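Peer 1: here is a sequence together with a model predicted from it:
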Amino acid sequence: MTSAEVTRRRVMGFGLGVLAGVPAGCSGDSGPVRRLRLATGPEGGPYNAFGQALAQAVAASGRRIEIVPVSTAASVDNLRKLDDGSVELALAMADVAEDAVLGREPFPRPAAATALARVYVNYTHLLVPADGPVRSVRDLAGRPVAAGAAGSGVQVVAERVLRAAGLSGAPVPVPSPAPPAAAAADERQLGLAASVSALREGSVDALFWSGGVPTPALAALAREMPLRFLPLDAHVGALRERYGPVYTAVTLPAGVYGLTEPVGTIGVGNYLLARADVPQGAVRDLLQVVFERWRDLLREVTAGARLEPRFAISTGEVPLHPGAVAHYRSVYG
């Protein structure tokens, strides 16, 4: 056995050992087609694109499951729909998913959600006009900011960054000393398309976005007007201290969006989630398609990403669905 195989088995054993007694379940190769509704995001957004691509890949696979994408406001809305049973599957950012299963604000109680895979990483973008006065998060004091649509994961991470910088109307929820008080940023609840229009027109001074790299709408905007992408990696420590390792330091590479040098920022994983009562056979069939077609699924949402088992099982506080456990154990040992 190679050292890589030893490492893989150790990692998989660590991630899955707690559920080693879970039965594998049926294969789902016979019987009626299982219809699964998938909460995605707004039409034209990356979650919606991923959901449509997944539905097409599953339909082409011949497996006896059907994926029905459902347009939503994204992460927060998706977890609520998953919890109330109006969908069986959902996409959500890792921070929102952990809030949901732990019953943290904005969720009044722990939500019924399990993870199938961590599929890719969102990069937090904070961009401003290059010829404007804003050069840091603190410069947003008192200024209008497009901070994500209501019910989206963008809104969650934007609010937390602004709180960490002392620019939110809410108290700074970090145990380390807060920055000196400053005027709160004027947070506007806008989706991506509306945010881009507002920044272009000058009705907001900054735009928050969390998504793959490059995000097509932002790449198009960068071709229309000079932009400055503000570094956010200095806030990773405070966010991890308060919310745990769902936040990581990542880098927008030079060349993307016309950047002449890398820009450090905040990374947040994206999870494919399911209700615990989704049959194990359906979950295993779905994951087989995800791992067979991951290049097609990720092509529209983030460039250069890979989906690997060790990455996929890293779902933090969100427990893996028993069918996901069975899939990873049967395929990867």
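Peer 2: The structure has been received and is ready for your questions.
Peer 1: so Trp224 sits against Glu201, correct?
Peer 2: Quick fix: residue 224 reads Glu, not Trp. No: Glu224 lies out of contact with Glu201 (Cβ atoms under 8 Å); the separation is 11.7 Å. Quick note: C-beta positions are derived from backbone N, CA and C, even for glycine.
Peer 1: beyond the host helix or strand of Leu218, next helix or strand please.
Peer 2: Per DSSP states H and E: Leu218 is located in helix 216-224. Going down the chain from helix 216-224, the next helix or strand is strand 227-229, by DSSP H and E.
Peer 1: and the pLDDT for the nearest residue to Gly148 once chain neighbours are set aside?
Peer 2: Spatial nearest neighbour of Gly148, chain neighbours left out: Val154 (3.0 Å); criterion: Cβ to Cβ, 6 or more residues apart in numbering. pLDDT, Val154: 96.
Peer 1: so which residues make contact with the helix or strand where Val154 lies?
Peer 2: Under the criterion of DSSP H and E, Val154 resides in helix 153-164. The contact list for helix 153-164, computed with Cβ atoms under 8 Å, 6 or more residues apart in numbering, reads 74-76, 92-93, 95-96, 99, 122, 124, 126, 137, 140, 145, 147-149, 168, 170-174, 184-185, 187, 189, 192, 208-210, 232, 235, 238-239, 242-243, 266, 268.
Peer 1: any idea how far Leu218 is from Asp296?
Peer 2: 22 Å (Cβ to Cβ, to the nearest Å).
Peer 1: could you check which of those two has the larger neighbour count?
Peer 2: A count of neighbours by other Cβ atoms under 10 Å puts Leu218 above the other of Leu218 and Asp296, at 23 against 13.
Peer 1: could you double-check that the more buried one sits in contact with Tyr123?
Peer 2: No: under the criterion of Cβ under 8 Å, Leu218 makes no contact with Tyr123, lying 10.4 Å away.
Peer 1: angle of the lengthiest strand in the chain against helix 153-164?
Peer 2: Longest strand in the chain, counting residues (DSSP state E): strand 114-129. Counting by axes from the mean of the first three to the mean of the last three Cα atoms, to 10 degrees, strand 114-129 lies at 60 degrees to helix 153-164.
Peer 1: quick one, strands of the stretch 201-333 of the chain?
Peer 2: 206-211, 227-229, 247-252, 263-274 (DSSP state E, counting those that start in this stretch).
Peer 1: show me what counts as buried in the last one.
Peer 2: Taking 16 or more other Cβ atoms under 10 Å as the basis for neighbour counts, the residues of strand 263-274 that come out buried are Val263, Thr265, Ile266, Gly267, Val268, Gly269, Asn270, Tyr271, Leu272, Leu273, Ala274.
Peer 1: and the first one, how far from Gln52?
Peer 2: According to Cβ to Cβ, Val263 and Gln52 sit 30 Å apart.
Peer 1: one more: the second one?
Peer 2: Between Thr265 and Gln52 the distance, using Cβ to Cβ, works out to 27 Å.
Peer 1: before we move on, the earlier item: separate out the buried members of the contacts of helix 153-164.
Peer 2: Buried among these by 16+ other Cβ under 10 Å: 74-76, 92-93, 95-96, 99, 122, 124, 126, 137, 140, 145, 147-149, 168, 172, 174, 184-185, 187, 189, 192, 208-210, 232, 235, 238-239, 242-243, 266, 268.
Peer 1: where does this protein have low pLDDT?
Peer 2: 1-30, 169-181 (pLDDT under 70).
Peer 1: I'm done for today, thanks for sticking with me.
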